[in-house]
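Engineer: sequence first, then the predicted structure:
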Amino acid sequence: MKKVAIIACGSYMDQGYGCPGEWRCLKAATMGEGFFDEESQVVAFLRCDCPGRPILSNLGMTLKALELKPDAIHLSSCMVNAKPGCPYIDMEQLAKDIEEKFGIKVIMGTHTYA
């Protein structure tokens, strides 16, 4: 089973913009739906909180504490599809930065649920 980490938008989760929290991401991972190509075990779930500056260091600390390397890191659908987009972080650049720093593939999205 693939092991994955998910990074979600804390603002979307807190404000309730159609995302009551992480349940949609977790369901998609468990069922192998949406942007998960197989049933996956979520080994880490991080919130990106505005303005997002600490997300790379938080991810680094999380990966160190896990003592394992996830097969992939998913940026949640609420992060990559936010309208309006995040004023602080360019999602494509964040994905690139994560891949370069940690050597883990980043997937843009988690679920396609309405």
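Structural biologist: That came through, no problem. Residues are numbered from 1 along each chain as shown.
Engineer: and the least confident helix or strand in the chain by mean pLDDT, what other elements does it pack with?
Structural biologist: The weakest-scoring helix or strand in the chain, judged by mean pLDDT, DSSP states H and E, is helix 10-15 (a mean of 80). When contacts are defined as 3 or more C-beta pairs under 8 Å, 6 or more residues apart in numbering; DSSP states H and E, helix 10-15 packs onto strand 40-48, helix 77-80. The C-beta positions use only the backbone N, C-alpha and C, and glycine is treated the same way.
Engineer: and these: which comes nearest Asp97?
Structural biologist: Closest approach to Asp97 among these (C-beta to C-beta): strand 40-48, 12.5 Å.
Engineer: what sits up against that closest one?
Structural biologist: 1-10, 13, 22, 25-26, 29-30, 32, 55, 58-59, 62-63, 66, 68, 70-71, 79, 89 (C-beta atoms under 8 Å, 6 or more residues apart in numbering).
Engineer: so among these, which ones count as buried?
Structural biologist: Buried by 16 or more other C-beta atoms under 10 Å: 4-10, 13, 22, 25-26, 29, 55, 58-59, 62-63, 70-71, 79, 89, out of the contacts of strand 40-48.
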